[in-house]
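Student: Predicted coordinates and the sequence they were generated for:
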Amino acid sequence: MARATKLIGAALLVGSVAGGLIWATRPVPRPPQEGSLRGGAAVSSIRSEPQTFNRLVGRDPVTDTVASLTHAKLVRVNRVTQELEPWLAESWTRSADGLSYSVRLRHGLTFSDQVPFTSADVVFTFQAVYDPKVGSALAESLRVGGKPLQVSAPDQDTVIITFPSLFGPGLRLLDNLPILPRHRLEPALKSGTLAEAWGVRTPPGEMAGLGPFVLAEYEAGQRLVFLRNPHYWRTDGSGIPLPYLERLTLEIVPDQNAELLRLQTGQTDFGQSEVRAEDYAALKRAADDGRLTLVDLGVGLDPDSLWFNLNPKSTGADPKRPWLQQVELRRAISHAVDRRAFADAVFLGAAVPVDGPITPGNRRWYDPGLPTYAFDRAAAARLLAGIGLADRDGDGALEDARGVPARFTLITQKGNTALERGASFLREDLRQVGLVVDVVPLDFGALVTRLEHGDYEAIYFRFLTTDLDPALNLDLWLSSGGAHVWHPSQAKPATDWERRIDELMAQQVATLDEARRKALFDEVQRIFAGELPIIHFAAPRVYVATSTRILNATPSLLRPAILWNPDPLAVRRPGGTGN
C-alpha cells in the first residue's frame, strides 16, 4: 500500500519503569524547504454543514473535522502509522496491574483565549462526557465493560486514569476525546445545558480550544473560516511555531461534480472525501500535467454495506413478510451478487471484492481465511426456496406461500454516485433470482433519521471507520451498541450468535496479549460471515488529490484524509517553495 512517508511527531518507546511503560515524543521535524513555510491560506471543500460545534454531542463528519482543527487530545493515533502518539500528554506510565495510567501533561500550555490548560480541564471533560444530561455521542465509546473510566488529578500537571477492567488498546481509547475548556463550559454543565452549548449559532469568540486553529467565521451553506491559533503549543524541528497556515477555509460544496470542478480549476486545494472512481482519469491527467498531486493509498477501510432491519418491534418490520429477517435471505443475496462484476461496474475496477466488514486495507485485523460466498445463482435459488419463496405465477418474480411478493425497499444516499450505482447493480442482480428491489435514494439527513427510528426495510450505505482496532468500534459489534445498526441498543442479545459475539468481544477487549486478541476477533469475523447481519460486496481503492500548492500533506485512509494532521500543512509560493 503506497503511503506518505513523512511522519510528524511519531511516538517512540524510550524505556521502561517499574510497573509499566513510559512514552515520550520525538520533536517534529521540519521538512527541507527554501524560505519560510509560515503564512498563506488553503481552501478545502466539505460536503455538508456542521450539525454543531460541540463534539460531545455531534456525530457528523464535519463536526469531527471542526473539533480536530480547534481542539486537541491527550493522545493521538497517527492515522498513517497507526501508532499512539503523546499530544497534550507529554508521557505516561502504566501500573503493574495494567488498570491505571499516570499521565504527565505538557506544562505551560494555554487555550486559544490564553487561559492556562491544567489537569482540571481533563477532569472536567470526562465529567462532561459521562454526564447523562449531556447525552454525549462519545460516552459509549469511552466506557469499558459498560463502565466509565475514573479520572483524578493529584496536581495541575498530572492526571490518573483508571480503567474498570483490563482494556487491550489502553489509552488509544482517548483518541476521539477533545479536551474542553472548563472555564468556558462548566456553567453549562452545572445548569444541565451543555448539550445545547456551542451550537452553530454560537459566536466564534465565545469558544476556545487547544487546537491549531480558531473558528473565525461560519456562513451557513457557504463556508467556515479558521485562523491560525497564535497560542498553539506545537513547533517544528527548528522551533518555528505551528501551524504554518494563517488561514484555512472549508467551502461547503454538497454536489460531487461541483466539488471536482473546483479542485480542477484551483478554487479549492483538496477535499475531505476520496476521489470518485469516475473522476480518477481526469485527475490522473491533471496530475501528469503537474496541476494536481494524486496519491494512491491502497484498498480502503470502508466497504459498501447492505443490511436489513432485524428488529422485529421496529417501525420498518413487517410481520407479513417474516422472511425479510431470515438468515437464508441474506445468504441468498450474498450468493446472488457477482462481486467482481460489482467492483468493476460500481468502482470502474478500482476496488476489490470483499465478504466482510474488515478489508485487506486493515492489515492488522483482516482475516484472509474468512469464509466467502461464491457467485452462485443456483445456490441462491435453493436458499430462497428453503424459506418458501417461489415463482408461483410464472412472472419471474418470487412470492411466499400466501402470495406476498418477495419484494423490499432499499434506501440509499441521494447524490452519492457510488452508492446510487451500487444500489442499482444490486437491484439488477437480485432481479435475476426473483427478488424485487425498490431503490429509494434519500438525502443524507433523511436517511439517518429513518435509520435512527428503525423506519426502513433495508439500507445500502457505507460506514466510516474511525479506528482500525475493533475494540474501539464496540458500538458496532456489541448487541447493546448504538451502531449495531441491524438491531441497535438491545437490552439483551436477541440471538445466540449475537450473545456469542458479545462474549468474544468482552474477552478480546480485556486481554493485553495481541495474538490472543487477533484470534478472538478472527472468530468474531467468522460468526459474522455466517450470519451476515451486514452484507458486503467491494472495498474501493482510495485516491486522494490535492493542489500542487499544498506542501507537507500526510494523507490517510481514515477521514478526514488531509485535515487529520493540519499542523504542518503549508502552501507553495508562486515563485518558490514556501508562502
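Tutor: Looks like it arrived, so ask away.
Student: shaky segments in the chain?
Tutor: 1-35, 574-579 (pLDDT under 70).
Student: Now do the domain split for it, please.
Tutor: 11-252+549-571, 308-336+379-459, 466-531 (automatic domain parsing).
Student: Can you get me the start-to-end distance on the shortest one?
Tutor: The separation between the terminal residues of domain 466-531, taken as Cα to Cα, to the nearest Å, is 24 Å.
Student: which residues of the stretch 301-450 of the chain fall in strands?
Tutor: Under the criterion DSSP state E, counting those that start in this stretch, strands of the stretch 301-450 of the chain are mapped to 304-308, 351-353, 407-413, 436-442.
Student: do the same with the stretch 451-579 of the chain
Tutor: In the stretch 451-579 of the chain, the segments counted as strands under DSSP E, counting those that start in this stretch are 458-462, 534-536, 538-547, 550-551, 570-571.
Student: Including mean neighbour count, could the ones you listed go into a markdown table?
Tutor: Heads up, the C-betas are built off the backbone N, CA and C, glycines and all. Putting those into a markdown table (neighbours: other Cβ atoms under 10 Å) gives the following:
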| stretch | mean neighbour count |
| --- | --- |
| strand 458-462 | 23 |
| strand 534-536 | 23 |
| strand 538-547 | 24 |
| strand 550-551 | 20 |
| strand 570-571 | 24 |
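Student: Just send the ones you listed back as CSV, with distance to R339 too.
Tutor: Listed next are the strands of the stretch 451-579 of the chain as CSV, based on distance: least, Cβ to Cβ, whole Å:
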stretch, distance to R339
strand 458-462, 15
strand 534-536, 9
strand 538-547, 6
strand 550-551, 36
strand 570-571, 42
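Student: Which one of those lies nearest to S480?
Tutor: Evaluated with Cβ to Cβ, these place strand 534-536 nearest to S480, the distance being 17.2 Å.
Student: wait, which of the domains of the chain is closest to L297?
Tutor: Comparing the domains of the chain by Cβ to Cβ, domain 11-252+549-571 comes nearest, at 5.2 Å.
Student: Relative to A351, which of the strands of the stretch 451-579 of the chain is closest?
Tutor: strand 538-547 (4.3 Å).
Student: just checking, what packs against the closest one?
Tutor: Packed against strand 538-547 by the contact rule (3 or more Cβ pairs under 8 Å, 6 or more residues apart in numbering; DSSP states H and E) you find strand 270-271, helix 280-288, strand 292-299, helix 339-346, strand 351-353.
Student: As CSV, the domains of the chain with distance to L297 would be great.
Tutor: As requested, the domains of the chain are exported to CSV (distance: least, Cβ to Cβ, whole Å):
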stretch, distance to L297
domain 11-252+549-571, 5
domain 308-336+379-459, 16
domain 466-531, 14
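Student: roughly how far apart are N473 and N176?
Tutor: As judged by Cβ to Cβ, to the nearest Å, N473 and N176 stand 11 Å apart.
Student: oh sorry, the question was meant for A188
Tutor: 21 Å.
Student: on that earlier part again, could you dump the strands of the stretch 301-450 of the chain into JSON lines with distance to A343 and mean neighbour count added?
Tutor: Below are those laid out as JSON lines (distance: least, Cβ to Cβ, whole Å; neighbours: other Cβ atoms under 10 Å):
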{"stretch": "strand 304-308", "distance to A343": "10", "mean neighbour count": "23"}
{"stretch": "strand 351-353", "distance to A343": "4", "mean neighbour count": "21"}
{"stretch": "strand 407-413", "distance to A343": "18", "mean neighbour count": "20"}
{"stretch": "strand 436-442", "distance to A343": "19", "mean neighbour count": "16"}
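Student: quick one, which of the ones you listed is nearest to G98?
Tutor: Between the strands of the stretch 301-450 of the chain, strand 304-308 lies closest to G98; by Cβ to Cβ that is 34.7 Å.
Student: Okay, now the sheet partners of the closest one, with direction.
Tutor: Its sheet considered, strand 304-308 pairs with strand 458-462 (antiparallel), strand 534-536 (antiparallel) by DSSP bridges.
Student: ok, back up a step: looking at the domains of the chain, which is closest to D296?
Tutor: domain 11-252+549-571 (9.9 Å).
Student: would you turn the strands of the stretch 301-450 of the chain into a markdown table with distance to D429?
Tutor: Formatted as a markdown table, the strands of the stretch 301-450 of the chain follow (distance: least, Cβ to Cβ, whole Å):
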| stretch | distance to D429 |
| --- | --- |
| strand 304-308 | 11 |
| strand 351-353 | 13 |
| strand 407-413 | 12 |
| strand 436-442 | 9 |
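Student: and of those, who's closest to N565?
Tutor: strand 351-353 (26.1 Å).
Student: ok now that closest one, how far from the chain's centre?
Tutor: 20 Å (Cα atoms, centre = their mean, to the nearest Å).
Student: who does it pair up with?
Tutor: strand 538-547 (antiparallel).
Student: report the angle between the axes of the strand it pairs with and helix 280-288?
Tutor: Counting by axes from the mean of the first three to the mean of the last three Cα atoms, to 10 degrees, strand 538-547 lies at 30 degrees to helix 280-288.
Student: Give me the distance from strand 538-547 to the chain's centre.
Tutor: 15 Å.
Student: What's opposite the residue nearest to G361 when sequence neighbours are not counted in the beta bridge?
Tutor: Nearest non-adjacent residue to G361, counting by Cβ to Cβ, 6 or more residues apart in numbering: V299, 4.0 Å away. Per DSSP bridges, the residues bridged to V299 are R541.
Student: Was I right to think V299 contacts A539?
Tutor: Yes. Using Cβ atoms under 8 Å, V299 makes contact with A539 at a distance of 5.5 Å.
Student: Now do the shared contacts for these two.
Tutor: Taking Cβ atoms under 8 Å, 6 or more residues apart in numbering as the contact rule, the neighbours common to V299 and A539 are V352, T359, P360, G361.
Student: Quick check: phi and psi on the last one?
Tutor: Yep, that's G361 we're talking about. phi -70, psi -20 (degrees, to the nearest 10).
Student: Might you report the residue contacts of it?
Tutor: Counted by Cβ under 8 Å, 6+ apart, G361 has contacts M1, G298, V299, G300, L301, A539, V542, L557.
Student: Any of those buried? List them.
Tutor: G298, V299, G300, L301, A539, V542, L557 (16 or more other Cβ atoms under 10 Å).
Student: R321: which of those is nearest?
Tutor: Checking the buried ones among the contacts of G361 against R321 by Cβ to Cβ gives A539 as the nearest, at 30.7 Å.
Student: So what's the residue count around the closest residue to G146 other than its chain neighbours?
Tutor: Nearest non-adjacent residue to G146, counting by Cβ to Cβ, 6+ apart: S480, 7.5 Å away. Using other Cβ atoms under 10 Å, S480 has 17 neighbouring residues.
Student: ok, now G145?
Tutor: Residues near G145, counting by other Cβ under 10 Å: 13.
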